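**Student:** pasting the structure only:
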């Protein structure tokens, strides 16, 4: 399936792409497009839009796109819910201090952004980071912390 989001991938877009690839659509093909007209372009190209204003999977107040994907596809996965909380806090600056892991995640993903590589390459580099964060969350859930 084809999935579309805005170019210059950042926090929520990267986390959503990771979840899509790992849990929803392992063969997902991602398209990264300019923000203006992205929702219309997704419809025209028969791609599923995510983290595009007006899309179902997008930020709504303090609910980020990843929150929506977790609710829709893996609501029973406590580790994934924990990961979404870390991403939410990293993505929403005023929440950052409320989750210890958020500042580190925000710093690393901002570093990837600053490398200014093509979005597909950036995502390939970030996927293992989210794999590791998910494994960390699984361990925390098992320990009950």
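**Tutor:** That came through fine. This one's a predicted model, so the numbers in the text were calculated from it and none came from an experiment.
**Student:** in the protein, which spans are helices?
**Tutor:** Shown for the chain, the helices assigned by DSSP state H span residues 11-19, 38-44, 65-73, 78-91, 102-114, 119-143.
**Student:** any chance of these in TSV with distance to residue 30 as columns?
**Tutor:** (Glycine included, C-beta is placed from N, CA and C.) As requested, the helices of the chain are exported to TSV (distance: least, CB to CB, whole Å):
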stretch	distance to residue 30
helix 11-19	6
helix 38-44	12
helix 65-73	14
helix 78-91	17
helix 102-114	15
helix 119-143	7
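**Student:** in JSON lines: the ones you listed, plus mean neighbour count.
**Tutor:** Formatted as JSON lines, the helices of the chain follow (neighbours: other CB atoms under 10 Å):
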{"stretch": "helix 11-19", "mean neighbour count": "26"}
{"stretch": "helix 38-44", "mean neighbour count": "16"}
{"stretch": "helix 65-73", "mean neighbour count": "20"}
{"stretch": "helix 78-91", "mean neighbour count": "22"}
{"stretch": "helix 102-114", "mean neighbour count": "15"}
{"stretch": "helix 119-143", "mean neighbour count": "15"}
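**Student:** redo the ones you listed as JSON lines? Include mean pLDDT and distance to residue 2.
**Tutor:** What follows is these, written out as JSON lines (pLDDT from 0 to 100; distance: least, CB to CB, whole Å):
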{"stretch": "helix 11-19", "mean pLDDT": "98", "distance to residue 2": "12"}
{"stretch": "helix 38-44", "mean pLDDT": "95", "distance to residue 2": "9"}
{"stretch": "helix 65-73", "mean pLDDT": "97", "distance to residue 2": "16"}
{"stretch": "helix 78-91", "mean pLDDT": "97", "distance to residue 2": "23"}
{"stretch": "helix 102-114", "mean pLDDT": "97", "distance to residue 2": "23"}
{"stretch": "helix 119-143", "mean pLDDT": "97", "distance to residue 2": "13"}
